[in-house]
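# no sequence on this one, just coordinates:
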Ligand code: PMP
């Protein structure tokens, strides 16, 4: 069986080695006579999986003891609400940098909870760049950024230096590059891009912030509940956490985040070079200094050619290249599990397609 070259934006490609390991363990996980999905979440076998996932994430991201690691459900979208519900107090202002519709949505949810302020935005230029002119409001509770913008194809290459708590939605670039976790008050990420399948959301929170959550919050929406129970207050998404642990093992086997980061930069450089050397046939959506190493967004000269490009790519097994409906054009998502071979196959296809048109 030939596997597709998978450029989906999320859920997205998983490492083949991870899928094979899961397949091998599926019917009889560690001699329990059942799959990991069928284990009690209170069993010692599942507990070891749960603990290993946290331990590996701590190790790979170098997460300091000042921060807790939590496993939640509800996707990154629930974090749009939980962040302000837990951390935005009366009289304070949630500050947001708007860099595509995900950060827009995050702010929209915060508005339902309290006061918000746009600290910077590139909306007027179709989110083609990461704005650096940050202007905080009075009494800011935090500054929220989206470290990688899945739709626009932009990425923060240097994080803002601010004196307030920095919160980042890292859904589409967590574990793709080295970051200094201690600079962040809170990081959240849905798993379905670099961490595993959908179903689990990782939250990394500085411990002193746990005290901010009001006791009147619904139990399941208070970060403290997850911290106090090691994310085992109720049934966690056990299978997704198991898959996360396998993905983390795989990252470790690759040599860790630094090695992955280098590979990601090479993959992105290959694609951007193909775009830049196409004599204007392919145009990158993002400004060069803000280009993402995870989502490469580009357009073709017209709609008709875009359709033809996508159809022919699909025939060649290159899947998931349509741009987000709000931006149009094309997008190649090249997360950690998309290897150089897939990127080379795409570049070869792009070059042949262009030459056949001219
Ligand atoms: N933030 C970003 C940056 C995303 O890319 C996505 C999903 N593509 C989300 C938030 C929403 O994530 P979820 O579907 O897990 O709620």
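Done, it's in. Everything numeric here is computed off the predicted structure, so don't read it as measured data.
# ranges for the strands of the stretch 151-300 of the chain?
In the stretch 151-300 of the chain, the strands defined using DSSP state E, counting those that start in this stretch lie at 154-155, 166-169, 186-190, 201-206, 283-284, 295-299.
# can I get the ones you listed in CSV with distance to residue 342 and mean pLDDT?
The C-beta positions use only the backbone N, C-alpha and C, and glycine is treated the same way. What follows is the strands of the stretch 151-300 of the chain, written out as CSV (distance: least, CB to CB, whole Å; pLDDT from 0 to 100):
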stretch, distance to residue 342, mean pLDDT
strand 154-155, 20, 98
strand 166-169, 26, 98
strand 186-190, 22, 99
strand 201-206, 25, 98
strand 283-284, 19, 97
strand 295-299, 12, 98
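# make JSON lines out of the ones you listed and add distance to the ligand.
Shown next, in JSON lines, are the strands of the stretch 151-300 of the chain (distance: least, CB to the nearest ligand atom, whole Å):
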{"stretch": "strand 154-155", "distance to the ligand": "11"}
{"stretch": "strand 166-169", "distance to the ligand": "5"}
{"stretch": "strand 186-190", "distance to the ligand": "3"}
{"stretch": "strand 201-206", "distance to the ligand": "6"}
{"stretch": "strand 283-284", "distance to the ligand": "19"}
{"stretch": "strand 295-299", "distance to the ligand": "8"}
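# turn these into TSV, including mean neighbour count and distance to residue 216.
Shown next, in TSV, are the strands of the stretch 151-300 of the chain (neighbours: other CB atoms under 10 Å; distance: least, CB to CB, whole Å):
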stretch	mean neighbour count	distance to residue 216
strand 154-155	26	38
strand 166-169	24	22
strand 186-190	26	21
strand 201-206	24	19
strand 283-284	16	48
strand 295-299	26	39
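# now those in TSV, with distance to residue 11?
Output for the strands of the stretch 151-300 of the chain, formatted as TSV (distance: least, CB to CB, whole Å):
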stretch	distance to residue 11
strand 154-155	20
strand 166-169	17
strand 186-190	9
strand 201-206	13
strand 283-284	25
strand 295-299	14
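# of the ones you listed, which is nearest residue 113?
Taking CB to CB, strand 166-169 is the member of the strands of the stretch 151-300 of the chain nearest to residue 113, at 13.8 Å.
# pairing partners for that closest one, with directions?
Paired neighbours of strand 166-169 in the sheet (DSSP bridges): strand 140-146 (parallel), strand 186-190 (parallel).
# residue numbers of this protein in contact with the ligand?
Residues of the chain lying close to the ligand by CB under 6 Å from any ligand atom are 10, 75-77, 102, 146, 150, 169, 171-172, 190.
# still on that earlier bit, any chance of CSV for the strands paired with strand 166-169, columns distance to residue 236?
Output for the strands paired with strand 166-169, formatted as CSV (distance: least, CB to CB, whole Å):
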stretch, distance to residue 236
strand 140-146, 25
strand 186-190, 15
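# which one of these lies nearest to residue 66?
Closest among those, using CB to CB: strand 186-190, at 12.0 Å.
# tell me what angle the closest one forms with strand 201-206.
170 degrees (axes from the mean of the first three to the mean of the last three CA atoms, to 10 degrees).
# and residue 178, which of the strands paired with strand 166-169 is closest to it?
strand 186-190 (13.5 Å).
# residue 60 in helix, strand or coil?
Residue 60 falls in the helix class when you classify it by DSSP: H, G, I helix; E, B strand; the rest coil.
# quick one, what contacts residue 81?
By CB atoms under 8 Å, 6 or more residues apart in numbering, residue 81 lies in contact with 109, 112-113, 221.
# list the ones among these that fall in helices.
The helices, defined by DSSP state H, take in residue 109 from the contacts of residue 81.
# start to end distance for stretch 333-343?
Using CA to CA, to the nearest Å, one end of stretch 333-343 lies 10 Å from the other.
# for it, buried residues please.
Neighbour-count burial for stretch 333-343, counted by 16 or more other CB atoms under 10 Å, picks out 333-339, 342-343.
# from these, pick the one nearest the ligand.
Proximity of the buried residues of stretch 333-343 to the ligand was ranked by CB to the nearest ligand atom; the top entry is residue 333 with 9.5 Å.
# mind checking how far that closest one is from residue 299?
According to CB to CB, to the nearest Å, residue 333 stands 16 Å off from residue 299.
# then residue 350?
Counting by CB to CB, the separation of residue 350 from residue 299 is 13 Å.
# cool, and residue 100?
Distance of residue 100 to residue 299, given as CB to CB: 16 Å.
# over to residue 135?
Distance, residue 135 to residue 299, using CB to CB: 32 Å.
# swap in residue 256?
Distance of residue 256 to residue 299, given as CB to CB: 35 Å.
# now the buried members of the residues of the chain next to the ligand.
10, 75-77, 102, 146, 150, 169, 171-172, 190.
# quick one: those residues as CSV, columns for distance to residue 227 too.
Output for these, formatted as CSV (distance: CB to CB, whole Å):
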residue, distance to residue 227
10, 27
75, 20
76, 19
77, 21
102, 25
146, 24
150, 28
169, 20
171, 21
172, 25
190, 19
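# return the subset of these lying in helices.
75-77, 102.
# how about these in a markdown table, adding distance to residue 66 and pLDDT?
Shown next, in a markdown table, are these (distance: CB to CB, whole Å; pLDDT from 0 to 100):
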| residue | distance to residue 66 | pLDDT |
| --- | --- | --- |
| 75 | 26 | 98 |
| 76 | 23 | 98 |
| 77 | 27 | 98 |
| 102 | 27 | 98 |
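# ok, those residues vs residue 290, which is closest?
Nearest to residue 290 among these, counting by CB to CB, is residue 102 at 15.4 Å.
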